[in-house]
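J.: got a predicted model here, sequence first, then my questions.
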Amino acid sequence: MGLVALILLRTLRKDYARYAMSRSDLEEGDMDDDQVDENGKPLLHEGRPSVGGMPAEDSGWKQVHGDVFRAPRFLTLFAAIIGTGWQLITLTMGVILFAVAGPLHGEVHEERGEVLHAIITCYALSSIVAGYSSGSLFKLYSGGARSKTASSPGQASAQWQATMALTVMLLPTITVIILSTLNTVSLVY
């Protein structure tokens with residue numbers, strides 16, 4: 001993991017240095033066509049031909065920035081799934097902390113229903129995390145996608161509301177479906 005991060009960091013640093021150098025040369029007006037980086041690659045000259053009259057080829061992040069930063073196809077569902085995932089992580093951590101803190105306040109065994117009460121309380125509190133994470137993700141990607149997909153402000157508002165409704169209903173719906181399936185299977189046998 002560290003090696004991959006190191007390689008990615010070095011590549012990005014070189015690409016950013018090349019882009020910054022070519023932009024500064026364009027602004028100053030004293031651009032030299034035979035400038036190369038330490039790997040022998042010609043520097044990018046935006047809008048001008050490179051060595052030999054051939055246009056400079058984009059490399060690195062300039063080639064993939066359209067794919068990396070584009071909005072997902074099903075943004076509403078994607079944002080709801082991410083929000084629900086954060087809710088599950090927060091819920092799990094809250095219940096684990098409650099179980100670990102049990103012996104700290106003097107009781108080795110909790111009373112009947114305390115763990116269920118902790119799960120319901122953590123679920124209610126973790127819904128804040130789910131709403132925030134799905135809403136912020138939807139807002140992040142809907143800014144660029146609104147001009148393409150949403151023809152009116154009402155449609156963007158409807159998508160935002162659908163994202164919040166799906167975030168609220170996704171975890172309970174999946175839980176009910178799984179538990180109903182397990183109960184049906186157990187009743188058949």
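T.: Perfect, thanks for sending it.

J.: give me phi/psi at residue 123?
T.: Dihedral pair for residue 123: phi -60, psi -40, per degrees, to the nearest 10.

J.: so how far is residue 83 from it?
T.: From residue 123 across to residue 83, the span is 14 Å (CB to CB, to the nearest Å). C-beta: built from backbone N, CA, C; applies to glycine.

J.: who has more neighbours out of the two?
T.: Set side by side, residue 123 and residue 83 give different neighbour counts by other CB atoms under 10 Å, the larger being at residue 83 (28 against 18).

J.: the more buried one reaches residue 137, doesn't it?
T.: Yes - look at residue 83 against residue 137 with CB atoms under 8 Å: they come within range, at 7.3 Å.

J.: check contacts around residue 183.
T.: The neighbours of residue 183, taking CB atoms under 8 Å, 6 or more residues apart in numbering as the test, come to nothing; the list is empty.

J.: ok, so what distance separates it from residue 138?
T.: Relative to residue 138, residue 183 is positioned 34 Å away (CB to CB).

J.: cool, and residue 165?
T.: Taking CB to CB as the criterion, residue 165 is separated from residue 138 by 12 Å.

J.: who's more crowded, those two?
T.: With other CB under 10 Å as the criterion, residue 165 and residue 138 differ in neighbour count, and residue 138 comes out ahead with 26 against 12.

J.: quickly find the element holding the more buried one.
T.: Per DSSP states H and E: residue 138 is located in helix 114-149.

J.: ok, and for the next helix or strand after that helix, which residues are buried?
T.: Beyond helix 114-149 in the direction of the C-terminus, DSSP H and E gives the next helix or strand as helix 153-188. Using 16 or more other CB atoms under 10 Å as the burial criterion, the residues of helix 153-188 that qualify are 156, 159, 160, 163, 164, 166, 167, 168, 170, 171.
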